[in-house]
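>>> Build the 3D model from these lines:
(4 chains)
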Protein chains: 2
Amino acid sequence: MNRIDRLFGILILLQSKKYTSAERIAEQYGISIRTVYRDIKALGEQGIPLSFEPSKGYFIVQGYFLPPVSFNSDEANALLLMERFLAAFADKSILTHYTSALNKVKSVLKTAQKDKLETLNEHIKLQLPERLKNDFEYLSVLQNAISAKCIIEIDYKNNKAEVSKRDVEAIGLIFYAFNWHLIAWCHLRKEYRDFKLNNIINIRCTEIAFRKTEHMPVSEYMKMLPVNF
Amino acid sequence: MNRIDRLFGILILLQSKKYTSAERIAEQYGISIRTVYRDIKALGEQGIPLSFEPSKGYFIVQGYFLPPVSFNSDEANALLLMERFLAAFADKSILTHYTSALNKVKSVLKTAQKDKLETLNEHIKLQLPERLKNDFEYLSVLQNAISAKCIIEIDYKNNKAEVSKRDVEAIGLIFYAFNWHLIAWCHLRKEYRDFKLNNIINIRCTEIAFRKTEHMPVSEYMKMLPVNF
DNA sequence: TAGGCGCTGACATAGGGTTGTCATTAGCGC
DNA sequence: GCGCTAATGACAACCCTATGTCAGCGCCTA
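As a prediction, this is how the structure comes out:
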């Protein structure tokens, strides 16, 4: 990769997160730490107000340096490609939002790029197993509930097709065994439960905050799953 | 003077004035007009929204991705979610470009949104079969070759691990049986062939246009595939 | 139809830019 | 002092990039 591409990339990376560690940059661009230092220095010399916080990383001190930037063809291509997998691995709600984002992207591309994009689209095909179709549409709501830490009420159908109502505190979403699962603290059972999204019949998202103050990280729960799915 | 210094310099110049003519830039940095054009192009390729007004000069187009027009949380969430599937269903090249696109999106989000996004990221996990790891990195190149209709040379390894060189005209990419396949007209065999991307050892992309004028659409080829993969 | 303008393509060549490695320093907490 | 992390110096090798020149193209206007 070009040095210039990298410098602009790092600049955007710095703007996109609060802190960015030198190692992260090195990994992302496949370069040595030494080169990261050089790049950081170069950016500093261009007048970009960079600073460093021990054990956190680099950050941009104030204001935007770069104007909001548009996407290049490669990036647009990548976004387009992944839209194809959406139907299989996400749900309608995500599809809606993804498509709307992608439309914004397309709308700012030049005509020539748009044409390329459409051609490309016709030349890429997918054939995915039928069983992967997810026709629920809760992913988006759940994403919001998780980041807002709000209690949600769900109607859940168990193996025996019995439906029960639960108030739960969502701590994460895990995709395993080719299905989405909601991991949440169940008020009824007073323990963490694993709800398969396919079996959720309905969701209501309250505005009420979590009652339980401390929750384990989802990564902990992950460890309890059987491996090799 | 360094090219990097100059590019950032031009960027600041453009940000500081309404219009800047190519000649002014050429004079200021003591370079030829030709080089100015190249620099302008380079900035454009970084996604900086440049435009030109006859008899006035270049300027930065405001408002493309300014926050009001920008992405909302739901859209950002959706983009984030799909990044997770990349490693499994695309390859390194696509991952790179997707990540860089996502960074651009993140960089225009407000701090509060950025925080939410990072929290969310920690609460979503994936467990996918090992066999889905794609460690080739040709998808991007192939996308470009397909839309540019350029002949490519590939080193391909067949079932018996014999390596052969082929000149091919790529007509499409198909993902089936959980693998990427390049569909291309093979100059050697004079017919359409199906190259599994995992078995491609190397790719060189020439600048030479297709020799065969008419190609069948990929969708035709699709029909010949066994169903229900 | 000619001419000007903005821009792109092609090319060759010099010249320096870029990068990793290894060693070293500075600062900090214990 | 010691270990740790962040950062800087020195260096060599190598690649390849940056650049000017010249020709050509599309577009507009007169």
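
>>> ok, residues contacting the helix or strand encompassing residue A:58?
Here residue A:58 sits within strand A:57-60, counting by DSSP states H and E. With C-beta atoms under 8 Å, 6 or more residues apart in numbering or on different chains as the test, strand A:57-60 has contacts from A:14-15, A:18-22, A:24, A:40, A:48-53. Every C-beta, even on glycine, is put in place using the N, C-alpha and C of the backbone.

>>> now, among those, which is nearest to residue B:120?
Distance ranking of the contacts of strand A:57-60 against residue B:120, using C-beta to C-beta, places residue A:18 first at 14.7 Å.

>>> Ramachandran angles for that closest one?
Main-chain torsions, residue A:18, degrees, to the nearest 10: phi -70, psi -60.

>>> who does the closest residue to it other than its chain neighbours bridge with?
Leaving aside its sequence neighbours, residue A:18 sits nearest to residue A:59 (C-beta to C-beta, 6 or more residues apart in numbering or on different chains; 6.1 Å). Taking DSSP bridges as the rule, residue A:59 bridges to residue A:51.

>>> rewinding a little: can you give the distance of the helix or strand just after the strand holding residue A:58 from its chain's centre?
Toward the C-terminus, strand A:57-60 is succeeded by helix A:73-89 as the next helix or strand (DSSP H and E). Relative to the chain's own centre, helix A:73-89 is displaced by 14 Å; criterion: C-alpha atoms, centre = their mean, to the nearest Å.

>>> Please apply the same query to stretch A:215-224.
18 Å.

>>> what packs against whichever strand in chain A runs longest?
If you go by DSSP state E, chain A has its longest strand at strand A:163-176. When contacts are defined as 3 or more C-beta pairs under 8 Å, 6 or more residues apart in numbering or on different chains; DSSP states H and E, strand A:163-176 packs onto helix A:139-148, strand A:150-157, strand A:179-186, strand A:191-196, helix A:218-223, strand B:124-126.

>>> wait, which of these is closest to DNA strand D?
Of all those, helix A:218-223 sits nearest to DNA strand D, with 21.8 Å by C-beta to the nearest atom of the strand.

>>> Now do that closest one: which elements does it pack against?
Looks like helix A:218-223 contacts strand A:163-176, strand B:124-126 (3+ C-beta pairs under 8 Å, 6+ apart).

>>> Lowest average pLDDT across these?
Within the helices and strands packed on helix A:218-223, the stretch with the lowest mean pLDDT is strand B:124-126, showing a mean of 89.

>>> Pull up the pairing partners for it, direction included.
According to DSSP bridges, strand B:124-126 has these partners: strand A:163-176 (parallel).

>>> which residues are contacting the helix or strand of chain A with the lowest mean pLDDT?
Ranked by mean pLDDT, DSSP states H and E, the weakest helix or strand in chain A is helix A:111-123, scoring a mean of 80. Contact partners of helix A:111-123, identified using C-beta under 8 Å, 6+ apart, comprise A:73, A:76-77, A:80, A:106, A:109, B:143, B:146-147, B:171-173, B:217-219.

>>> Stretch A:151-159 now?
A:141-142, A:145, A:163-170, A:182, A:184, A:187, A:195, A:199-206, A:208-211.

>>> Make sure residue A:65 is actually in contact with residue A:12.
No - contact criterion C-beta atoms under 8 Å: residue A:65 and residue A:12 do not qualify, at 10.0 Å.

>>> The residue positioned nearest the centre of chain A - nearest residue in space that isn't next to it in sequence?
Chain A has residue A:143 as the residue nearest its centroid, 9.5 Å off, counting by C-alpha atoms, centre = their mean. In space, and not counting its chain neighbours, residue A:143 is closest to residue B:77: 4.8 Å by C-beta to C-beta, 6+ apart.

>>> who's in contact with that neighbour?
Counting by C-beta under 8 Å, 6+ apart, residue B:77 makes contact with A:94, A:97, A:140, A:143-144, B:117, B:120.

>>> quick one: which of these is most hemmed in?
residue A:143 (27 neighbours; other C-beta atoms under 10 Å in any protein chain shown).

>>> For that one, give its distance to residue B:29.
Distance, residue A:143 to residue B:29, using C-beta to C-beta, to the nearest Å: 48 Å.

>>> What's the end-to-end length of stretch A:158-165?
Using C-alpha to C-alpha, to the nearest Å, one end of stretch A:158-165 lies 11 Å from the other.

>>> Give me the distance between that stretch and the centre of its chain.
That offset, for stretch A:158-165, works out to 30 Å (C-alpha atoms, centre = their mean).

>>> same check, this time on stretch A:80-92
For stretch A:80-92, the distance to the chain centre is 13 Å (C-alpha atoms, centre = their mean).

>>> Domain parsing of chain A, as residue ranges.
Here the domain parsing of chain A from automatic domain parsing is A:3-60, A:73-132, A:139-223.

>>> Mean pLDDT lowest where, among these?
Among the domains of chain A, domain A:73-132 scores lowest, at a mean of 85.

>>> Now do the end-to-end distance for it.
30 Å.

>>> so, in contact with DNA strand C or not, that domain?
No - shown here: domain A:73-132 not in contact with DNA strand C (C-beta under 7 Å from any atom of the strand), separated by at least 10.7 Å.

>>> do that domain and DNA strand D meet?
No - against DNA strand D, domain A:73-132 shows no contacts by C-beta under 7 Å from any atom of the strand, the least distance being 12.0 Å.
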